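Engineer: What follows is a predicted protein model with its sequence.
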Amino acid sequence: MTVRLKDIAFAAGVSVMTVSKAMRNAPDISASTKTRIKLLAQQMGYVPDSAAQGLRSRTTRLLGLLLPTIVNPVYARMVSAIEESAHEMGYDLIIAHTLNIQEREEACIRRLLARRVDGIFVVPVYRLEPTAPIYTELFNRRVPTIILGQRAPFCANFVNVEGDDLQGSFAMTKHLLELGHKRIAFLSGPMASPQAHERIEGYRRALRETDIEPDDKLIFAGGSTIEEGEAAALQIINEAVQVTAIQAVNDMVAIGAANTFLRQGAKIPEDMSIAGFGNTLASEHFRIPLTTVRQPKARLGRAAVELMKQYLHGNQPVPARLSAAVVIRQSTAPPKQVAA
């Protein structure tokens with residue numbers, strides 16, 4: 001049986017209006033009356049009707065979060081931080097998966113709009129087109145929206161939080177160069193991804209700063225998954241490309257490449273140094289702990305909620321860009337000719 005405000009009012013011997021005010025912490029109700037009514041409501045099993053409250057306040061206390069898939073370890077800490085911070089604000093989170101499919105992304109956004117969410121966090125499905133109708137609609141509706149990651153032309157009008165992927169990748173390449181590697185292959189990410197472009201640009205800048213001209217023959221399509229990393233490493237082996245180190249666009253690609261070399265009998269890092277990007281849990285617990293770039297994933301999540309809070313308070317937030325750092329583990333070492 002659903003407990004209503006009038007049931008609590010009858011049990012407490014007060015008016016429905018008094019119960020309503022007590023539950024909303026209205027200032028014209030005494031503290032003792034509020035305590036008595038709230039305790040009674042709890043004992044009776046009263047659950048507030050959030051939908052009705054939303055109609056009155058014109059807010060739902062709901063936030064939407066769109067990401068490719070929650071099983072991707074790259075997003076785990078960021079999602080956790082967003083949920084915790086939103087909870088502290090008194091907001092619930094609706095999570096939807098786009099699976100990196102544009103049509104599904106649009107459908108998910110429309111469902112969130114139908115739920116009247118107060119704001120949306122989104123890891124975009126990146127595309128090469130300069131515009132995307134659903135993002136234009138979001139902007140025209142003035143729905144508070146925070147982009148999680150780098151902006152592309154189709155979502156350039158929105159505020160975002162991002163890691164400094166260019167500097168992080170630059171630092172990783174410098175680490176490999178300082179170990180003595182000169183032939184460094186780069187396993188790149190999806191063409192439409194701004195993060196992938198920043199990471200390959202960081203690699204190129206570090207080479208040029210060391211007076212090594214980047215060689216496009218050492219850049220391979222690595223995609224974003226373990227399987228794609230395995231395929232890229234197999235291409236390097238089959239084409240007999242002479243490299244002493246591999247820098248991958250993310251940890252999953254790096255782990256895939258490492259698996260292929262290990263299956264071929266190579267030793268890591270003695271025969272081949274391999275580095276990733278992201279510092280996922282898998283990188284630390286891989287059979288050869290992976291040198292990688294630590295992204296401030298939890299801080300990015302908290303920063304995203306801070307920007308959303310500014311939006312919800314009627315202010316215009318500014319984008320946030322957080323630094324990244326190299327984490328050196330056992331998968332990188334000087335090449336044999338330098339170590340000898």
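Structural biologist: Arrived safely, thanks for sending.
Engineer: show me where this protein has helices.
Structural biologist: 5-12, 16-23, 31-44, 50-57, 73-89, 102-114, 133-141, 165-179, 194-209, 226-238, 251-263, 281-285, 297-312, 336-339 (DSSP state H).
Engineer: now those in a markdown table, with distance to Ala320, mean pLDDT and mean neighbour count?
Structural biologist: (Each C-beta comes from the backbone N, C-alpha and C, glycine too.) A markdown table is the format used below for the helices of the chain (distance: least, C-beta to C-beta, whole Å; pLDDT from 0 to 100; neighbours: other C-beta atoms under 10 Å):
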| stretch | distance to Ala320 | mean pLDDT | mean neighbour count |
| --- | --- | --- | --- |
| helix 5-12 | 42 | 86 | 17 |
| helix 16-23 | 36 | 86 | 18 |
| helix 31-44 | 38 | 87 | 14 |
| helix 50-57 | 29 | 52 | 11 |
| helix 73-89 | 13 | 91 | 18 |
| helix 102-114 | 22 | 95 | 17 |
| helix 133-141 | 19 | 94 | 15 |
| helix 165-179 | 14 | 97 | 22 |
| helix 194-209 | 15 | 96 | 20 |
| helix 226-238 | 30 | 96 | 19 |
| helix 251-263 | 23 | 96 | 23 |
| helix 281-285 | 24 | 91 | 16 |
| helix 297-312 | 5 | 95 | 20 |
| helix 336-339 | 39 | 60 | 11 |
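Engineer: Quick check: can you list the domain ranges of the chain?
Structural biologist: The record's domain parsing of the chain by automatic domain parsing lists 5-48, 60-164+297-324, 165-295+326-339.
Engineer: start to end distance for the shortest one?
Structural biologist: With C-alpha to C-alpha, to the nearest Å as the measure, the ends of domain 5-48 fall 9 Å from one another.
Engineer: circling back to that earlier point, quick one: which of the helices of the chain is nearest Val122?
Structural biologist: Val122 lies closest, by C-beta to C-beta, to one member of the helices of the chain: helix 102-114, at 7.6 Å.
Engineer: what angle do the closest one and helix 133-141 make?
Structural biologist: For helix 102-114 against helix 133-141, the angle between stretch directions is 30 degrees (axes from the mean of the first three to the mean of the last three C-alpha atoms, to 10 degrees).
Engineer: which residues are in contact with helix 102-114?
Structural biologist: Helix 102-114 is contacted from outside by 64, 66, 94, 96-98, 120, 122, 124-125, 127, 132-134, 138, 141, 143, using C-beta atoms under 8 Å, 6 or more residues apart in numbering.
Engineer: one more time with 7 Å
Structural biologist: The contact list for helix 102-114 (C-beta atoms under 7 Å, 6 or more residues apart in numbering) reads 64, 66, 94, 96, 98, 120, 125, 127, 134, 138.
Engineer: Quickly name whichever of these is closest to Asp7.
Structural biologist: Ile94 (30.2 Å).
Engineer: Distance to Pro319 added to the helices of the chain, as TSV?
Structural biologist: Output for the helices of the chain, formatted as TSV (distance: least, C-beta to C-beta, whole Å):
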stretch	distance to Pro319
helix 5-12	44
helix 16-23	39
helix 31-44	41
helix 50-57	29
helix 73-89	16
helix 102-114	21
helix 133-141	15
helix 165-179	14
helix 194-209	13
helix 226-238	30
helix 251-263	25
helix 281-285	27
helix 297-312	8
helix 336-339	41
